[in-house]
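Trainee: model this:
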Amino acid sequence: MITRISGAAIRGVFIALLIAMPSLLLPVAATKSPEVIALLAILAAGLTFAEYSSNYPSFMEFRDAPPLNRMRFVALSLMVLSLSLLARHPLEGTALTGLLSGLAYGLAGVLDFPFSPVQLTGLMMPAHAPAPLLAQVMAAAALAFVIAFLAVASFFVAIRWQNWPLGNGPFNVWTNLPLFDPTAGGDVVQRLQRDARVNIIAGVLLPFGLPAAAKMLSGIADPTLLSSPQTLVWVMSFWAFLPASMIMRGLAMQRIAELITFKRRAAYADAEALQIA
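Mentor: Below is the predicted model:
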């Protein structure tokens, strides 16, 4: 019990630090509404603590199937950290921010090819947007996109070469998929496979669809709001993290469906062996 509560408290602190990270790294003049950020950090920490300190799941998926959620957290943390440093460079540049800025702009040049997600983030900006802002948006998109890609690739490696989730012991479907009702109707494997395909397809399409949606809604939300450093950090992090998280969820559900299918085949084989005997 002490281990569970202390682990939940540590997770809550990490979540709070993640939300407060842009405000802590950016200059004071570039931060807005620190009271709101502090409130959000406290609320997120409280929700995380309540979820992980409880014996029974509520909404957090795969909480007992590491390292999926850890990979998600690390990926989002790297996005927020790197984008915060990138946004800080024009304001208070250092050697570290300069190095990261050079990397980001270099990646933007490599990934700026026709119909790429990075190019689409540039095309969503209005024609009157300043050139430095356009370049910064594309650099932030490229950096976040690469981190998201590496997170998905790392989880794929964990599934195929580290035998996730069986490497951590038995997998409890009820604990790790609290929102999935196996009695809702239909075959469980088919439902898991369907949900996996939906998540993977949506995750692949979102990096292309979100900039297009932003372009169509430019009359309602002006993309030049990305000139605010905090807005740039969170919008680009959301743009890259949400698709990556959905793809990782789809891969995880596909893996669970494979394990259930394998277990069924083993049970059928044992039953046939008993009948023959």
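Trainee: From Leu143, how far out is Ser218?
Mentor: 24 Å (C-beta to C-beta, to the nearest Å). The way it works is simple: take the backbone N, C-alpha and C, and place the C-beta from them, glycine included.
Trainee: who has more neighbours, the two?
Mentor: Higher neighbour count among Ser218 and Leu143: Leu143, with 28 against 14, using other C-beta atoms under 10 Å.
Trainee: Is the more buried one in contact with Leu103, as I believe?
Mentor: Yes. If you go by C-beta atoms under 8 Å, Leu143 and Leu103 touch, sitting 7.2 Å apart.
Trainee: Quick one: distance of stretch 117-135 to the chain centre.
Mentor: Between the centre of stretch 117-135 and the centre of its chain there are 23 Å (C-alpha atoms, centre = their mean, to the nearest Å).
Trainee: distance between the ends of that stretch?
Mentor: 14 Å (C-alpha to C-alpha, to the nearest Å).
Trainee: where along this structure do the helices fall?
Mentor: 2-25, 34-53, 68-88, 95-111, 117-123, 131-161, 173-176, 188-216, 229-276 (DSSP state H).
Trainee: now the last one, how far from the chain's geometric center?
Mentor: Taking the mean C-alpha point of helix 229-276 and that of its whole chain, the gap between them comes to 15 Å (C-alpha atoms, centre = their mean).
Trainee: what's the answer for the second one, then?
Mentor: Centroid separation for helix 34-53 versus its chain: 18 Å, with C-alpha atoms, centre = their mean.
Trainee: Likewise for stretch 4-15?
Mentor: 19 Å.
Trainee: what does stretch 135-152 give?
Mentor: 12 Å.
Trainee: What of stretch 63-81?
Mentor: 7 Å.
Trainee: Then stretch 62-73?
Mentor: 11 Å.
Trainee: That stretch spans what distance, first to last residue?
Mentor: End-to-end distance (C-alpha to C-alpha), stretch 62-73: 13 Å.
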